[in-house]
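Novice: 3D, please:
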Amino acid sequence: MTSKNTTALTDLHRARGPRALPRRRASLLVEAETVTAIALRESQPVVLGRARPADVVLDERGLSRQHARLVWRGGALEVQDLGSTNGTWVNDARVERASLRPGDALRFGDVHAHLHLTRFDGEERAAAPERFAAALGEELERARAFHRPLAVIALRSENPERSPGWERALRPALRPVDRLAPFGDRVALLALPEVGRAALPAWAERLRAIEPSLALAAAVHPQHEGDPDALIAAALDALRPARPEGPLALAPDEAPAPAEPAPGGAIVVSPPMRSLYELVARAARTKLPILVLGETGVGKELVARALHAKSPRGEGPFKALNCATIPTHLTESVLFGHERGAFTGATGRAAGVFEQADGGTVFLDEVGELPPQAQAALLRVLETKQLVRVGGAKDIEVDVRVVAATHRDLEAMVEEGTFRADLLYRLDALTLEVPPLRERVEDVAPLAEAFLARAAEQWETPARGFEEGVLDALRAFHWPGNVRQLKNVVERAAAMALGPRVGLADLPRDVAAAAPGGLEGAAPADLPSEGSGAVPPLAERVEAFERGILRDALEQAGGNQSEAARLLRVPRRTLAHKVKRYGLA
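Specialist: Got it, this is the predicted structure:
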């Protein structure tokens, strides 16, 4: 029988012996008195029930002894009811057999379950920082939609004898739904879906049983609100004073706003940004709804936060929501809340974003993605200052200022009939447009310096400055992804740099090519010049580039291959193989 721990994990792979694992797996999160994560393997049946011989046993009265058979096959979950008394239900319809995909509602009698994709297994689970942040964003949206907890634990190893990759030893303690990623040589981050504050001491004990030298800190949704960057920043900030001999440190309940490029707000250097933030200061004093326009990645949420901070309601709550990430059938519940029993999975009353932000500001990013029914409900709230929870009948008054944002042409959507004209008129009482980064080149250098300083502080990357020509390349690049792309490029370069300064060779090739003189400053000595005759094959150019990087690392490490491997953040065996291949020994 499955024990009633905070979160129980049934791993049938271990129970039934070794088997080649698929690259894409799934888990079923069963929500009863506790949450049980069932690891699903390709074409491997799992029987759920209240007693043996079921594979997964849950002591729940609503379940039959052998209630249902589950099979994960070809990217879908096949469910077969086994003649249960209380039935198997999909989207409120009782079924004998059904095929489910993420987003479908499933329950066994009165026991609810949610299908959860596991994107990484084995080596892939130690994802790069940007992949970790993306996966955390998906988990955060799911946690908001289903009103579930989500913990982010920051770990720092104080064991000097641990080689790079020390965090891999922790994986046997993790569940299929967990995410682990290294953030520098001694720091790693762990995302734990369905784990709340009360369960953190048990997790700390589990992790330290494997690695006693760990200093641990955590941020927990919903106590700590914000986007993935905010949760990561809160956990890392709490990690600084943490020690292995002390308890897991918890970030303060009022988590900081998503990390900004410089203290005090957005970088405001260029004339277009100065003009914009002068408008922000004037608009903040009004009660008007505001529509923020701009390309993806320009910093529309920073504008919304500045509007809130400078307004009379600046001491009130600020709630940000990306409308594009909410499952369509849960949009109204997330926005306006729901009553118990309003739909499958609504096990209790829950306040929506608008109730949570009463007296403050709601930021609706990508508002053009709202489905028609949610558009109508939002219009009613804007007009009446009242909302009704899903499944409820009572009008609830709310005092909320709405700031909406989009990169789409809402007027064109109105003409197409996909966006309500009356809602557009309500939202754009005042419009602010954030200029793209290519139109405010003066902001590039201070933004890059702020992102580099943040990477050095939070991830312990070695670089603290830029070599000559790097900032020129950054200023010359066209930045189709705007500030978000610049942030990713600088953080990647900070991780790739071998010394105290980021060089052109550490930048992506297309960014480095924007420098005056092109890639000349970025090419190692081994790389033939463009004017030396016929252009060599791509494979030879890549090998020459790699040979130069390896030689530089070995010189910096004084010929010590272990140290060179640490500098390059690669396994020593990989470095030794390449050193032998290129004749650098």
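Novice: ok, the nearest residue to residue 366 once chain neighbours are set aside - contacts?
Specialist: Distances taken as CB to CB, 6 or more residues apart in numbering put residue 324 closest to residue 366, at 4.1 Å, once the chain neighbours are dropped. Every C-beta, even on glycine, is put in place using the N, C-alpha and C of the backbone. Residue 324 makes contact with 365, 366, 369 under the criterion CB atoms under 8 Å, 6 or more residues apart in numbering.
Novice: Quick check on the second one: phi, psi?
Specialist: The reference is to residue 366. The phi/psi pair for residue 366 (degrees, to the nearest 10) reads phi 50, psi 50.
Novice: So what touches stretch 87-99?
Specialist: Residues contacting stretch 87-99 (CB under 8 Å, 6+ apart): 67-68, 76-81, 100, 104-109, 343-344.
Novice: can you rerun that using 6 Å?
Specialist: The contact list for stretch 87-99 (CB atoms under 6 Å, 6 or more residues apart in numbering) reads 68, 76, 78, 79, 80, 81, 104, 105, 106, 107, 108, 344.
Novice: The last one: how many residues sit nearby?
Specialist: Spelled out, it's residue 344. Residues lying near residue 344 (other CB atoms under 10 Å) number 18.
Novice: mind checking pLDDT for it?
Specialist: Residue 344 is assigned 73 on the pLDDT scale.
Novice: Would you quantify the distance from the closest residue to it other than its chain neighbours to residue 237?
Specialist: Leaving aside its chain neighbours, residue 344 sits nearest to residue 105 (3.8 Å; criterion: CB to CB, 6+ apart). Going from residue 105 to residue 237 by CB to CB, to the nearest Å gives 37 Å.
Novice: picking up where we left off before, just the buried ones out of the contacts of stretch 87-99, please.
Specialist: 68, 76, 78, 79, 80, 81, 104, 105, 106, 107, 108, 344 (16 or more other CB atoms under 10 Å).
Novice: Return the subset of those residues lying in strands.
Specialist: When DSSP state E is applied, the buried ones among the contacts of stretch 87-99 are split such that 68, 76, 78, 79, 80, 81, 106, 107, 108 fall in strands.
Novice: Just checking: the least confident one among those residues is which?
Specialist: Minimum pLDDT across these is recorded for residue 76, with 83.
Novice: Now do stretch 347-359: distance from first to last residue.
Specialist: 27 Å (CA to CA, to the nearest Å).
Novice: Also stretch 560-576?
Specialist: With CA to CA, one end of stretch 560-576 sits 11 Å from the other.
Novice: again, but for stretch 152-169
Specialist: With CA to CA as the measure, stretch 152-169 spans 18 Å from end to end.
Novice: can you offset everything so residue one is 5?
Specialist: Okay, residue one is now 5; in that scheme the one you just asked about reads as stretch 156-173.
Novice: any idea of the mean pLDDT in it?
Specialist: 78.
Novice: try stretch 446-466
Specialist: Averaging pLDDT along stretch 446-466 yields 85.
Novice: now stretch 477-487
Specialist: Here the average pLDDT along stretch 477-487 is 89.
Novice: That stretch: which residues count as buried?
Specialist: By neighbour count on 16+ other CB under 10 Å, the buried set for stretch 477-487 is 477, 478, 479, 481, 483, 485, 486, 487.
Novice: a markdown table for the residues you listed, including distance to residue 44?
Specialist: Compiled in a markdown table, these are given as follows (distance: CB to CB, whole Å):
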| residue | distance to residue 44 |
| --- | --- |
| 477 | 47 |
| 478 | 45 |
| 479 | 50 |
| 481 | 44 |
| 483 | 41 |
| 485 | 35 |
| 486 | 39 |
| 487 | 39 |
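Novice: what does the model give the residue nearest to residue 348 for pLDDT?
Specialist: pLDDT at residue 109 comes out at 77.
Novice: now residue 582
Specialist: Residue 582 is assigned a pLDDT of 74 by the prediction.
Novice: so who does it touch?
Specialist: So, once contact is read as CB under 6 Å, 6+ apart, residue 582 ends up touching residue 554.
Novice: before we move on, what SS does it have?
Specialist: helix (DSSP: H, G, I helix; E, B strand; the rest coil).
Novice: low-scoring stretches of the stretch 405-554 of the chain, by residue?
Specialist: 521-549 (pLDDT under 70).
Novice: Could you give the number of residues near residue 242?
Specialist: Neighbourhood size, residue 242 [other CB under 10 Å]: 22.
Novice: Does it touch residue 253 like I think?
Specialist: Yes: Residue 242 lies in contact with residue 253 (CB atoms under 6 Å); the separation is 4.6 Å.
Novice: Let me know the distance separating residue 566 from residue 583.
Specialist: Distance of residue 566 to residue 583, given as CB to CB: 12 Å.
Novice: If you count surrounding residues, which of those two has more?
Specialist: Just comparing residue 566 and residue 583: by other CB under 10 Å the higher neighbour count belongs to residue 583, 19 against 13.
Novice: Give me the contact list for stretch 222-240.
Specialist: 137, 140-141, 147, 154-158, 201, 204, 221, 252, 254-255, 257, 259, 262-263, 462.
Novice: The residues you listed in strands, which ones?
Specialist: Short answer: those in strands (DSSP E) are 154, 155, 156, 157, 158, 221, 254.
Novice: Between which two of the residues you listed is the distance greatest?
Specialist: 154 and 221 (15.4 Å; CB to CB).
Novice: Compare these two and say which is more crowded by neighbours.
Specialist: residue 221 (26 against 23).
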